[in-house]
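Undergrad: Test case, fold it:
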Amino acid sequence: MKLKTYFYNANWLIIEKLISLPIGLITSIFLARYLGPEYFGVFSFLISAVYIFLPLMQFGLNSVLTKELVSLTEKTSEILSTALTIRILASLFTFIIGAISAVLFDWIDERHLLLFFLLLFSHTFSAFDIFNFWFESKKNNRPVAIVRVLTLLLFSILKVFVVIKFESLSLLLLVQACELMTGYLLYYFLAKVYQCHFQWQPSYSYGKQLVKKCWWLIFSGIAAALYMKIDQVMLGTIASKSEVGIYSVAVRFSEMSYFLPVAIVTAFFPYLIERKQLSAPAYNNTLAIFLGGLCWLGIAVAIVVTLIATYLIKILYGTEYNASASILAVHVWGGVFVYMRALLSKWLIIEDLLYFSLVTQGTGAIVNIILNLLLIPEYGALGAAWATILSLAFASWFSFFFTKKTVKIAVIMTCAPFMFPKHCLSLINNKK
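TA: Next up is the predicted model:
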């Protein structure tokens with residue numbers, strides 16, 4: 001497979017986000033200004049609360065599926081049907097667990113309980129997300145990217161219409177749920193159009209193998225969701241929904257560029273597997289190049305956003321959200337670790353160190369929860385931003401120094417930003 005094929009595949013993911021981001025941003029700005037901090041905070045709080053349960057529905061299969069489909073192309077139908085069965089069962093189980101937890105522990109306001117159930121149920125359709133990974137394994141993200149953009153555009157227009165015409169938060173969340181269900185189902189129909197040879201033939205024995213491979217990823221995914229979204233949930237319970245609205249505006253901007261490392265690493269994941277099989281020096285050099293590049297990309301984005309944060313918030317969201325600027329200037333620096341973590345997650349899969357993904361994500365979640373408990377009562381949303389940065393640094397860098405099997409990648413990650421030009425030159429010379 002030529003390297004340019006991976007660039008082509010990555011380009012479609014990047015193009016999709018470059019089109020989707022303005023659409024999503026404009027919609028978010030409109031909703032935030034029209035709803036105000038309190039109702040926009042409720043909207044953001046419910047979405048974050050549901051997001052925490054999503055990794056359990058995904059059952060750790062996402063990255064593993066791409067690897068399986070690349071390595072075992074002759075068993076595509078068996079892999080997909082087995083994975084779909086697992087995901088359907090996991091989704092239904094998670095919905096029940098989520099609904100029971102909301103009722104028993106009363107962490108969702110009674111007024112919003114049915115809306116929470118609706119959003120949680122819409123994610124049960126994420127089982128059909130497995131067909132997205134079939135396209136990834138074929139290095140063909142073009143059709144998926146196009147369909148996702150069109151779906152986003154359609155439902156963004158519908159959200160704006162609903163808010164203007166009916167002024168209903170409940171109806172807005174209903175549209176949000178319909179968007180999620182439609183997006184997931186389209187993966188299946190799109191795969192059929194592109195002649196994915198899918199037949200319902202799940203294998204119990206292969207299913208046990210998949211579950212065994214994914215076991216650590218399930219819990220690490222839950223831990224990752226906790227330390228990425230628990231800040232908004234804790235703000236909503238410890239502080240207020242208005243504080244969540246102000247914080248979520250900052251987080252929206254901060255996380256806008258997170259698609260870049262995910263798109264790059266997702267597109268080049270099969271290439272990393274091939275480099276691993278080629279030789280250890282070639283593999284390590286490639287890791288250093290990617291880590292160095294991702295680190296500097298994250299730093300560049302953070303510097304730019306920090307400098308223009310005040311102007312961005314004031315112009316786009318208005319004076320009601322002025323407090324979001326200082327939060328954004330802090331929170332955006334966590335992206336440096338998020339950028340590198342995108343590659344580290346794939347590295348753990350390639351090296352069969354899935355258990356360590358749980359260790360790092362789990363400790364990161366614990367650190368984040370503790371810091372939020374300490375900082376939110378005193379500093380509010382700004383405290384939550386600092387808690388996020390520190391927990392990301394711990395989970396995505398510092399914790400990799402703790403074991404012999406991961407200390408090598410921790411050293412590469414530490415040195416890669418300073419050695420980045422040299423690594424790139426080495427790659428160019430090798431090509432010659």
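Undergrad: switch to C-alpha atoms for all contacts and neighbour counts from now on
TA: OK.
Undergrad: for the stretch 101-250 of the chain, what spans make up the helices?
TA: 113-122, 130-137, 142-166, 169-193, 204-238, 241-254 (DSSP state H, counting those that start in this stretch).
Undergrad: chain center to the longest helix seen in the chain: distance?
TA: Longest helix in the chain, counting residues (DSSP state H): helix 3-51. Centre-to-centre, helix 3-51 and its host chain are 11 Å apart (Cα atoms, centre = their mean, to the nearest Å).
Undergrad: Same list (the helices of the stretch 101-250 of the chain) but as JSON lines, adding mean pLDDT and mean neighbour count.
TA: Output for the helices of the stretch 101-250 of the chain, formatted as JSON lines (pLDDT from 0 to 100; neighbours: other Cα atoms under 10 Å):
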{"stretch": "helix 113-122", "mean pLDDT": "95", "mean neighbour count": "20"}
{"stretch": "helix 130-137", "mean pLDDT": "86", "mean neighbour count": "23"}
{"stretch": "helix 142-166", "mean pLDDT": "93", "mean neighbour count": "16"}
{"stretch": "helix 169-193", "mean pLDDT": "94", "mean neighbour count": "17"}
{"stretch": "helix 204-238", "mean pLDDT": "84", "mean neighbour count": "20"}
{"stretch": "helix 241-254", "mean pLDDT": "91", "mean neighbour count": "24"}
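Undergrad: Among those helices, which comes closest to Ile366?
TA: helix 204-238 (7.8 Å; Cα to Cα).
Undergrad: helices and strands around the closest one, which ones?
TA: helix 3-51, helix 54-58, helix 76-105, helix 241-254, helix 354-379, helix 381-396 (3 or more Cα pairs under 8 Å, 6 or more residues apart in numbering; DSSP states H and E).
Undergrad: Next secondary structure element downstream of the fourth one?
TA: The element immediately downstream of helix 241-254 (helix or strand, assigned by DSSP states H and E) is helix 259-278.
Undergrad: just to revisit the earlier point, nearest approach to Tyr271 belongs to which of the helices of the stretch 101-250 of the chain?
TA: helix 130-137 (11.2 Å).
Undergrad: Packing partners of that closest one?
TA: helix 62-71, helix 76-105, helix 169-193, helix 259-278.
Undergrad: Who are the packing partners of the third one?
TA: It refers to helix 169-193. Using 3+ Cα pairs under 8 Å, 6+ apart: helix 169-193 touches helix 3-51, helix 113-122, helix 130-137, helix 142-166.
Undergrad: likewise the first one?
TA: With contacts defined as 3+ Cα pairs under 8 Å, 6+ apart, the packing partners of helix 62-71 are helix 76-105, helix 130-137, helix 335-350.
Undergrad: Please verify my assumption that Ser122 contacts Gly183.
TA: No - under the criterion of Cα atoms under 8 Å, Ser122 makes no contact with Gly183, lying 10.3 Å away.
Undergrad: do you know which of the helices and strands packed on helix 204-238 lies nearest Val70?
TA: helix 76-105 (9.1 Å).
Undergrad: between that closest one and helix 3-51, what angle do the directions make?
TA: Angle of helix 76-105 versus helix 3-51, following axes from the mean of the first three to the mean of the last three Cα atoms, to 10 degrees, is 30 degrees.
Undergrad: Any buried residues in helix 76-105, and which?
TA: Under the neighbour-count criterion of 16 or more other Cα atoms under 10 Å, helix 76-105 has 76-88, 90-92, 94-95, 98-99, 102 buried.
Undergrad: by contact count, what packs against that helix?
TA: Going by 3+ Cα pairs under 8 Å, 6+ apart, helix 76-105 lies up against helix 54-58, helix 62-71, helix 113-122, helix 130-137, helix 204-238.
Undergrad: Can you say which of the ones you listed is nearest to Ile349?
TA: The nearest among the helices and strands packed on helix 76-105, by Cα to Cα, is helix 62-71 at 7.4 Å.
Undergrad: contacts for the closest one?
TA: Contacts to helix 62-71, defined as Cα atoms under 8 Å, 6 or more residues apart in numbering, come from residues 75-76, 79, 130, 133-134, 136-138, 213-214, 270, 346, 349.
Undergrad: Now with 6 Å, please.
TA: Phe133, Ser137 (Cα atoms under 6 Å, 6 or more residues apart in numbering).
Undergrad: do stretch 283-300 as well
TA: Arg275, Lys276, Gly335, Val336, Tyr339, Met340, Ala416, Pro417, Phe420, His423.
Undergrad: Would you mind writing the CA trace of that stretch as PDB?
TA: Output in PDB follows, covering the C-alpha atoms of stretch 283-300 (Å, rounded to 0.1, in the frame of the first residue of the first chain):
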ATOM      1  CA  TYR A 283       8.800   1.500  13.700                       C
ATOM      2  CA  ASN A 284      10.400   3.600  16.500                       C
ATOM      3  CA  ASN A 285      11.500   6.300  14.100                       C
ATOM      4  CA  THR A 286       8.000   6.500  12.800                       C
ATOM      5  CA  LEU A 287       6.600   6.800  16.300                       C
ATOM      6  CA  ALA A 288       9.000   9.600  17.100                       C
ATOM      7  CA  ILE A 289       8.000  11.500  14.000                       C
ATOM      8  CA  PHE A 290       4.300  11.300  14.700                       C
ATOM      9  CA  LEU A 291       4.700  12.100  18.400                       C
ATOM     10  CA  GLY A 292       6.900  15.100  17.700                       C
ATOM     11  CA  GLY A 293       4.600  16.400  15.000                       C
ATOM     12  CA  LEU A 294       1.500  15.900  17.100                       C
ATOM     13  CA  CYS A 295       3.000  17.600  20.100                       C
ATOM     14  CA  TRP A 296       4.100  20.700  18.100                       C
ATOM     15  CA  LEU A 297       0.700  20.900  16.400                       C
ATOM     16  CA  GLY A 298      -1.000  20.900  19.800                       C
ATOM     17  CA  ILE A 299       1.300  23.600  21.100                       C
ATOM     18  CA  ALA A 300       0.700  25.800  18.000                       C
END
